[in-house]
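[1] how would this look folded up:
(2 chains)
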Protein chains: 2
Amino acid sequence: MRPNYAVGVDVGGTRTAVGLVERKGRIVKDVMCLTPKAGPFAVVDAIIDLIEEVTQGITPSEIAGVGIGLPAQVDFHKQSIEFCTNLPLAGVDVRALVMSRNKYEITIDNDGNLAAFGEARYGAAKGARHFLMVTLGTGVGGGIFINGEPYRGSRGVGAEVGHVVVDVDGPPCPCGGTGHLESFLGRPAIAAAGTEAAKGFMGHAILAAAGGDASAIKAESVITAANGGDEAATKILVECGEVLGRGLVGFVNVLNPQLVVVGGGVGESAPMLVERATAVMQGEALAGRKDVRVVQAVLGNDAGLLGAAALAFDEHDSREGLHR
Amino acid sequence: MRPNYAVGVDVGGTRTAVGLVERKGRIVKDVMCLTPKAGPFAVVDAIIDLIEEVTQGITPSEIAGVGIGLPAQVDFHKQSIEFCTNLPLAGVDVRALVMSRNKYEITIDNDGNLAAFGEARYGAAKGARHFLMVTLGTGVGGGIFINGEPYRGSRGVGAEVGHVVVDVDGPPCPCGGTGHLESFLGRPAIAAAGTEAAKGFMGHAILAAAGGDASAIKAESVITAANGGDEAATKILVECGEVLGRGLVGFVNVLNPQLVVVGGGVGESAPMLVERATAVMQGEALAGRKDVRVVQAVLGNDAGLLGAAALAFDEHDSREGLHR
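    Prediction:
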């Protein structure tokens, strides 16, 4: 039997979202809450409550299982959490705790892996077996798909594609390093460039996009101004695209993916950034790699939740000996 | 039956080496020639002749097969050569041509993959299932091992780990890009730094290592002087180590290997370079990745040949349904 539903859980540092997902990827119902800060059990309780909420009225046998994406280093084979920066989940057996309170099979994984999995199953990378996902948001993250599966490294961590050095003399990165992709492409870096530009006359559209308040300039102000045709804002995003493209040269030369998917709030809303990155990568990549396509992600914030559900479907089907 | 021998072939841009290898990795007999420049058939003829030479006197049933490493983009599943920079082998069915002239099973692969395979089976990475190999020579190359197998990307190319951008404003790279690891770490870059240093008094040991002839300064002159304790030469190699370390930060954050193996003529002879790279990587890598070990390769020029033989053993055993 192939149950038609799975539950996808996307635990973030800020919010936790849970959805009931049909096998074809439609989210039937979703709920969310702020991720509790009161310790690991509060996080687990919130997950359990939200799962209960979205599965109400559905026969348990119609639910393939629950996938949970965590912002953590997950040992996938052991289903254990090795390390977690923003939440106190290291060493906590989230899977067992959640399973003890409901009747579903639970599988946990790294959130970056699952966002890539979501795009692979239901989004911009549908059908691709080897691809790289780069997520441009407050941080820069992503995932690697190899042979149709998320690449988990030797310890089950997500591919931290934002933390590669692209400039040995570059600016500081929130992680403590310097000159990383995230140093140039994270929201704080784009906002800082926008704030700088807004000091001059040329930056008036960026300032206007922040309601005239220079201290309120965000990455989104720059993106809004650029999408409205402003030159100074466009220049900032094109320069970001240049840096991203230089980073992609390395990824494409080393990993030789079929496809690069650029997602995250910034990646999905700044087409000129992605276009410039594509051109730079295609100009500098080695022969046989220049034609790698670069596309924008399409699932937005739902990528992680959908990927978690896809994982739950796959785990169910492999437990039952079913093939996709 | 498990035949005790395999033949490893390592075709380079300059020389072609062929060895008869025992299952445990001992090279029983090896021969080499300059790689012919007279076209694809001359290369194939040379391979066939050398195979015949090393297998003389051995019963064919005692030979598991022949592995051939090529400096080319190889589609491993199709066993075809997609692209080859230094030799006219693109589109040439090397496997079929060699098989038509002897009785062995032939398997071809990319040479960087096979050097990593050699270190994995018989060298510095014995037992490691996830590791990165970086080969520092005239060029900078390498290979990635995932789940005990060479990573071949979506098209069977080796992982071109020398062609990642580590400095967006960096010097030109022989591949046409700029600021790549190879721009800083290839033999020409080290020789240029040595030549520059030799213009001043501090560079006298480098000059001496080149026999007093500034135009004869090579990367090896710098390495010889540094290994003799010279300060200027050591500074050059430590700076190279710094750049390599910054590159490794990205590889370790993205790929999360168990181990990094630094090989190639430069990598195996300049311990201070590898030490500095290790310290820099461990200082900047993300949590959970800082303890990745960095070791020097041990197989030298034999890595590719031994890896080719290991491939031939594995292909034989999997054809016969034997497990290692």
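[2] What separation do you get for A:Thr224 and A:Gly265?
    12 Å (CB to CB, to the nearest Å). (Glycine included, C-beta is placed from N, CA and C.)
[3] Helices along chain A, start to end?
    Applying DSSP state H to chain A gives helices spanning A:40-55, A:94-99, A:111-122, A:181-185, A:187-197, A:204-209, A:219-227, A:231-255, A:264-269, A:271-284, A:303-319.
[4] list the helices and strands the third one packs on?
    Contact analysis of helix A:111-122 by 3 or more CB pairs under 8 Å, 6 or more residues apart in numbering or on different chains; DSSP states H and E lists strand A:5-11, strand A:63-70, strand A:131-136, strand A:140-146, strand A:149-150, strand A:259-263, helix A:303-319 as its packing neighbours.
[5] Go again with 7 Å.
    Helices and strands touching helix A:111-122, by 3 or more CB pairs under 7 Å, 6 or more residues apart in numbering or on different chains; DSSP states H and E, are strand A:63-70, strand A:131-136, strand A:140-146, strand A:149-150, strand A:259-263, helix A:303-319.
[6] can you list contacts of the last one?
    Outside of helix A:303-319, the residues that reach it under the criterion CB atoms under 7 Å, 6 or more residues apart in numbering or on different chains are A:3, A:6-10, A:17, A:19, A:21, A:23, A:25, A:30, A:64-69, A:105, A:107, A:109, A:111, A:114-119, A:121-123, A:263, A:297, A:299, A:324.
[7] now the angle between helix A:111-122 and it, please.
    70 degrees (axes from the mean of the first three to the mean of the last three CA atoms, to 10 degrees).
[8] Low-confidence bits of the stretch 201-324 of chain A, can you list those?
    Low-confidence regions of the stretch 201-324 of chain A, defined by pLDDT under 70, span residues A:323-324.
[9] doesn't A:Leu237 make contact with A:Ala270?
    Yes. Judged on CB atoms under 7 Å, A:Ala270 makes contact with A:Leu237 at a distance of 5.2 Å.
[10] Quick check: neighbours shared by those two?
    What both A:Ala270 and A:Leu237 touch, as defined by CB under 7 Å, 6+ apart, is the set A:Ile223, A:Ala226.
[11] residues from the stretch 101-250 of chain A in reach of chain B?
    When proximity is defined by CB under 7 Å from any CB of the partner chain, the stretch 101-250 of chain A lies next to chain B at A:130, A:153-155, A:157, A:159-161, A:163-168, A:175, A:177, A:243, A:246-247, A:249-250.
[12] hmm, back to that, so how do I select the buried members of the contacts of helix A:303-319 in PyMOL?
    Selection of the buried residues among the contacts of helix A:303-319 in PyMOL, burial being defined by 16 or more other CB atoms under 10 Å in any protein chain shown:
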select buried, chain A and resi 3+6+7+8+9+10+17+19+21+23+25+30+64+65+66+67+68+69+105+107+109+111+114+115+116+117+118+119+121+122+123+263+297+299
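[13] circling back to that earlier point, mean neighbour count, the helices and strands packed on helix A:111-122: which tops it?
    strand A:131-136 (a mean of 29; mean count of other CB atoms under 10 Å in any protein chain shown).
[14] quick one, that strand and helix B:231-255 angle?
    100 degrees.
[15] chain center to strand A:131-136, what's the gap?
    Its chain's average C-alpha position is 7 Å from that of strand A:131-136, according to CA atoms, centre = their mean, to the nearest Å.
[16] same question, stretch A:113-120
    For stretch A:113-120, the distance to the chain centre is 8 Å (CA atoms, centre = their mean).
[17] Can I get it in PDB? Just the C-alpha atoms.
    Extracted in PDB, the C-alpha atoms of stretch A:113-120 (Å, rounded to 0.1, in the frame of the first residue of the first chain):
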ATOM      1  CA  ASN A 113      19.600  18.600   2.600                       C
ATOM      2  CA  LEU A 114      15.900  18.500   2.800                       C
ATOM      3  CA  ALA A 115      15.400  21.900   1.100                       C
ATOM      4  CA  ALA A 116      17.500  20.400  -1.800                       C
ATOM      5  CA  PHE A 117      15.400  17.200  -1.600                       C
ATOM      6  CA  GLY A 118      12.200  19.300  -1.900                       C
ATOM      7  CA  GLU A 119      13.400  21.100  -5.000                       C
ATOM      8  CA  ALA A 120      14.600  17.700  -6.400                       C
END
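[18] For whichever residue of the stretch 1-150 of chain A sits closest to chain B, give me its contacts.
    Closest to chain B within the stretch 1-150 of chain A is A:His130: 3.8 Å, counting by CB to the nearest CB. Taking CB under 7 Å, 6+ apart, we find A:His130 in contact with A:Phe145, A:Ile146, A:Pro257, A:Gln258, B:Gly153, B:Ser154.
[19] ok, and the closest non-adjacent residue to it?
    Closest residue to A:His130 apart from its sequence neighbours, by CB to CB, 6 or more residues apart in numbering or on different chains: B:Ser154 at 3.8 Å.
[20] ok, the one you found - contacts?
    Taking CB under 7 Å, 6+ apart, one finds A:His130, A:Asn256, A:Pro257, A:Gln258 in contact with B:Ser154.
[21] Nearest to B:Ala287 among these?
    A:Pro257 (26.5 Å; CB to CB).
[22] Verify the stated contact: that closest one with A:Val292.
    Yes. At 6.3 Å, A:Pro257 counts as touching A:Val292 under the criterion of CB under 7 Å.
[23] what does the model give the residue nearest to A:Val18 when sequence neighbours are not counted for pLDDT?
    Once flanking residues are discounted, A:Val18 sits nearest to A:Leu50: 3.8 Å by CB to CB, 6+ apart. Per-residue confidence (pLDDT) for A:Leu50: 98.
[24] same check, this time on A:Val157
    A:Val157 is assigned a predicted lDDT (pLDDT) of 69.
[25] Please tell me how far the residue lying farthest from the centre of chain A sits from B:Gly127.
    Largest separation from the mean C-alpha position in chain A: A:Phe201, at 35.7 Å (CA atoms, centre = their mean). Here A:Phe201 is placed at a distance of 64 Å from B:Gly127 (CB to CB).
[26] just to revisit the earlier point, wait, what's in contact with the residue nearest to A:Val18?
    A:Thr16, A:Val18, A:Val31, A:Cys33.
[27] just A:Val7 next, same as before
    Neighbours of A:Val7 in contact, by CB under 7 Å, 6+ apart: A:Val18, A:Leu20, A:Ile51, A:Val54, A:Thr55, A:Ile63, A:Val66, A:Tyr104, A:Ala309, A:Ala312.
[28] run the last query once more with 8 Å
    By CB atoms under 8 Å, 6 or more residues apart in numbering or on different chains, the contact set of A:Val7 is A:18-21, A:51, A:54-55, A:63, A:65-67, A:104, A:308-309, A:312.
[29] can you list the weak-confidence ranges in the stretch 51-200 of chain A?
    A:157-158.
[30] change it to 90
    A:71-77, A:82-87, A:103, A:110-113, A:127, A:137-139, A:141-143, A:146-160, A:174-175 (pLDDT under 90).
[31] how many other residues sit next to the residue lying closest to A:Arg155 once chain neighbours are set aside?
    Spatial nearest neighbour of A:Arg155, excluding adjacent residues (CB to CB, 6+ apart): B:Asn256 at 5.7 Å. The tally of other residues near B:Asn256 (other CB atoms under 10 Å in any protein chain shown) stands at 25.
[32] My guess is B:Asn256 contacts B:Arg289. True?
    Yes. Applying CB atoms under 8 Å as the test, B:Asn256 and B:Arg289 come out as touching, 6.1 Å apart.
[33] Let me know whether A:Ile236 touches A:Ala192 as I believe.
    No. A:Ile236 is not in contact with A:Ala192 according to CB under 8 Å; the separation is 9.9 Å.
[34] what sits against the closest residue to A:Leu286 other than its chain neighbours?
    Using CB to CB, 6+ apart and skipping the chain neighbours, the partner closest in space to A:Leu286 is A:Asn253 (5.3 Å). By CB under 8 Å, 6+ apart, A:Asn253 lies in contact with A:Ala285, A:Leu286, A:Arg289, B:Ala159, B:Glu160, B:Val161, B:His163, B:Val164.
[35] Alright, I will stop here.
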